[in-house]
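> Requesting a structural model of the entry that follows:
(one chain, ligands or ions: 1)
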Amino acid sequence: MNGNSVKVAGVDISTDHWIGGKRVASKQKFANFSPIDGSHLGDLSAGGKAEADAAVAAARKAFPAWAALGPKGRLPILKKFAEGIKARVNDLAAVETMDNGSLLMGNVHRVVPRAAQNIEFFADWALTLDGHSIDSPEVVNHVRYDPAGVAVLITPWNAPLMLTTWKVGPALAAGNTVVVKPPEWAPLTCSLMADIAHAAGVPAGVLNVVQGIGEEAGDALVNHPDVDRISFTGSTDTAKIIGQAAARSITPMSAELGGKSPFIVCADADLDAAAQTVAGQYMNAGQVCLAGTRIMVEKKIEEEFLEKVRGAASHMIVGDPRDKDTRVGPLIHKEHFARVAGFVERARADGAVPLWGGNRANFGELYFEPTLFANITPELEIAQREVFGPVLTWQNFSSDDEVIELANNTRYGLAGTLFSRNEKRAMDIASRVTAGTLWVNCFFVRDLAAPFGGAKDSGIGREGGTWSFDFYTDIKNISVRK
Ligand code: NAD
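Prediction:
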């Protein structure tokens, strides 16, 4: 391997940037540690203004030729890219687990295959983009989806490869070139992704990776004057900062942000399925944006359901995420652990009562017990703010109006889950909860053609299917007199 590299989980990974088809090192470095055991995985190049300038220039230079290929010309290259990801599922999964502590089995069977799907799905979809027209009495309106130009893609650490390819897929398929800024707490799989794209024939400059700290590399990219799109997934607080940069240059920005999603269980639900799904919210130590963390249970089944959840949660084994029996791995970083522990401490001080958990788990420095808080009033911090850890709250309700009010009583609106056997009731509640996605009798089932995103403080815009292309293209109408 050219340049600087590390070996993690037996895999060689470049620690340099990938700019204009070359590995480029910076003098300044940042250290990367595994949350599993605190081991030092390596030091990576930390980019700043110079690297952002070089990467955007490389992307700009590569743009005309990539755009000119058209969806058909890009298809075989992107398919090969997806195949390359599939061929390295085990490597990518193992590296992701070392880097961010997510469950190895989940990465092998779901997360990394989904990354490949992200690339191939949008490559296929792009074929359907152009060519439709709207006939009117005087003219024919030919609608075109032209690539926007250079897109900056910024992602968080909880699923870096999956979330990055969710942006890279449609951006490249639509004919844009991209600069990826991976998360500094889990930067490794995005570096591998660049090698896989290169081997698949993605031309130099079409996909660039600038490693580094958000406030430095990320800041330089979002403030760069020659960027046409900013796509961000991360926290609401960071989105507010990036949004100011986007506003200054009127650069369209999409934002997939945090959540505090309700999980509603009606008395007529399949309580066993609902209880298993509640316990599943502890997976990956609750570091899942979509997690239904506010459990709301109809009063008449509250006690029965609590016992079922207690039983299901007892199987949520805390441990090494490489072990197939583990369900709850580590929190990502000591700073994040302190944040989660701070929420729990303040919840106790506010009068919330842990029905279980509430402490560091007896496994390692960054492991936290699956926790359920009762005695919740809606205005408590623990019921309002995103914890991003294995911490759930428990509330009850007596009427549908009451639970809808509770569900909508946060600044977030990312997702919601609802269990009921009464279809009409479920549809009524689901349609009145403000959120981008509502799951009824299921959780985390995703079709890439469906819209995905958040309402209120959970985001701006939608990704998925045609919505991704609305964002990554300049839609043009050529109106021709008949
Ligand atoms: P974060 O906002 O701290 O960081 C996200 C990314 O932004 C990182 O790559 C970081 O380096 C970069 N960044 C930070 N400051 C920046 C700046 N000033 N300019 C440019 N880039 C900057 O978020 P996080 O802690 O990494 O991730 C957790 C958050 O992400 C949670 O709120 C979670 O809910 C959310 N999330 C949302 C989704 C979704 O699809 N809605 C998916 C996963 C995670």
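
> What ranges does the stretch 51-200 of the chain have for its helices?
Using DSSP state H, counting those that start in this stretch, the helices found in the stretch 51-200 of the chain span residues 89-100, 104-106, 112-125, 160-173, 188-199.

> helices and strands around the third one, which ones?
Packing partners of helix 112-125 (3 or more C-beta pairs under 8 Å, 6 or more residues apart in numbering; DSSP states H and E): helix 49-87, helix 89-100, helix 160-173, helix 465-472. Just so you know, the C-beta spots here come from the backbone N, C-alpha and C atoms, and that holds for glycine as well.

> That helix vs the ligand: in contact?
No - Helix 112-125 stays clear of the ligand (C-beta under 6 Å from any ligand atom), getting no nearer than 12.7 Å.

> Centre of the chain to that helix, how far?
Here helix 112-125 shows a centroid-to-chain-centroid distance of 15 Å under the convention C-alpha atoms, centre = their mean, to the nearest Å.

> quick check: mean pLDDT across it?
Here helix 112-125 scores 98 as its mean pLDDT.

> Also the second one?
For helix 104-106, the per-residue pLDDT values average out at 98.

> just to revisit the earlier point, tell me which of the helices of the stretch 51-200 of the chain sits most buried.
Most buried of the helices of the stretch 51-200 of the chain, by mean neighbour count (mean count of other C-beta atoms under 10 Å): helix 160-173, with a mean of 28.

> List the residues that contact the closest residue in space to residue 216 that isn't next to it in sequence.
Leaving aside its sequence neighbours, residue 216 sits nearest to residue 48 (C-beta to C-beta, 6 or more residues apart in numbering; 5.0 Å). Each residue near residue 48 by C-beta atoms under 8 Å, 6 or more residues apart in numbering is listed here: 26, 28, 212, 216-217, 220.

> make it 7 Å
212, 216-217, 220 (C-beta atoms under 7 Å, 6 or more residues apart in numbering).

> Adding distance to residue 273, secondary structure and pLDDT, write these out as CSV.
Output for the contacts of residue 48, formatted as CSV (distance: C-beta to C-beta, whole Å; DSSP: H, G, I helix; E, B strand; the rest coil; pLDDT from 0 to 100):
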residue, distance to residue 273, secondary structure, pLDDT
212, 44, coil, 98
216, 46, helix, 98
217, 44, helix, 98
220, 48, helix, 98
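
> Looking at the residues you listed, state which has the most neighbours.
Among the contacts of residue 48, residue 217 has the most neighbours (other C-beta atoms under 10 Å), with 29 neighbours.

> was I right about that residue contacting residue 49?
No - with contact defined as C-beta atoms under 7 Å, residue 217 does not count as touching residue 49 (8.9 Å).

> near the ligand, which residues of the stretch 51-200 of the chain?
Close to the ligand, as judged by C-beta under 6 Å from any ligand atom, the stretch 51-200 of the chain has residues 154-158, 163, 181, 183-184.

> most neighbours, which of those?
For those, the largest neighbour count, defined by other C-beta under 10 Å, is 31 neighbours, found at residue 181.

> Identify the residues contacting that residue.
152, 154, 210, 212, 217-218, 221.

> tell me the two of those residues that are most distant?
152 and 212 (12.8 Å; C-beta to C-beta).

> burial count for residue 401?
11.

> now swap in residue 307 and tell me
11.

> And for residue 444?
Count around residue 444 with other C-beta under 10 Å applied: 17.

> one step back: can you add distance to residue 339 and give the helices of the stretch 51-200 of the chain back as TSV?
Shown next, in TSV, are the helices of the stretch 51-200 of the chain (distance: least, C-beta to C-beta, whole Å):
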stretch	distance to residue 339
helix 89-100	16
helix 104-106	23
helix 112-125	27
helix 160-173	19
helix 188-199	23
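
> residue nearest the centroid of the protein?
The structure's the chain has its C-alpha centroid closest to residue 163; by C-alpha atoms, centre = their mean the separation is 4.5 Å.

> Please name the nearest non-neighbouring residue to it.
Nearest one to residue 163, counting by C-beta to C-beta, 6+ apart, is residue 155 at 4.4 Å.

> got it, and residue 208?
Closest to residue 208 by C-beta to C-beta, 6+ apart is residue 55, at 4.2 Å.

> Make sure the one you found is actually in contact with residue 19.
Yes - with contact defined as C-beta under 7 Å, residue 55 reaches residue 19; the gap is 4.8 Å.

> Compare the two and say which one has the larger neighbour count.
residue 55 (31 against 25).

> Next up, the contacts around the more buried one.
19, 179, 208, 210.

> quick one: buried residues of stretch 411-424?
Going by neighbour count (16 or more other C-beta atoms under 10 Å), the buried part of stretch 411-424 is 412-420.

> Now it - C-alpha only, CSV.
Extracted C-alpha coordinates of stretch 411-424, given in CSV (Å, rounded to 0.1, in the frame of the first residue of the first chain):
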residue,chain,number,x,y,z
ARG,A,411,-38.3,19.1,19.3
TYR,A,412,-37.4,16.0,17.3
GLY,A,413,-39.4,14.3,14.6
LEU,A,414,-37.2,11.6,13.1
ALA,A,415,-39.2,8.3,13.5
GLY,A,416,-41.7,6.5,15.6
THR,A,417,-42.8,2.9,16.3
LEU,A,418,-46.3,1.7,17.0
PHE,A,419,-47.6,-1.7,17.9
SER,A,420,-51.4,-2.4,17.5
ARG,A,421,-53.5,-5.1,15.9
ASN,A,422,-56.1,-2.6,15.0
GLU,A,423,-55.1,-1.3,11.6
LYS,A,424,-57.5,1.7,11.6
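
> tell me the mean pLDDT for it?
Mean predicted lDDT for stretch 411-424 stands at 98.

> what separates that stretch from the chain centre, distance-wise?
With C-alpha atoms, centre = their mean, you get 20 Å for stretch 411-424.

> what do you get for stretch 296-307?
Relative to the chain's own centre, stretch 296-307 is displaced by 31 Å; criterion: C-alpha atoms, centre = their mean.

> what's the first-to-last distance across it?
Taking C-alpha to C-alpha, to the nearest Å as the measure, stretch 296-307 stretches 15 Å from start to finish.

> Residues contacting that stretch, please?
262-267, 271, 275, 395-398, 403, 406-407.

> could you flag which of these are buried?
Among those, those buried by neighbour count (16+ other C-beta under 10 Å) are 262-267, 271, 275, 395-397, 403, 406-407.

> Filter those down to the ones in helices?
Cross-referencing those against helices under DSSP state H gives 271, 275, 403, 406-407.

> Pipe those residues into CSV and attach pLDDT and distance to residue 115 per row.
Below are those laid out as CSV (pLDDT from 0 to 100; distance: C-beta to C-beta, whole Å):
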residue, pLDDT, distance to residue 115
271, 98, 35
275, 98, 31
403, 98, 36
406, 98, 36
407, 98, 31
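
> which one of those is nearest the ligand?
Taking C-beta to the nearest ligand atom as the measure, the ligand lies nearest residue 407 of those, at 17.5 Å.
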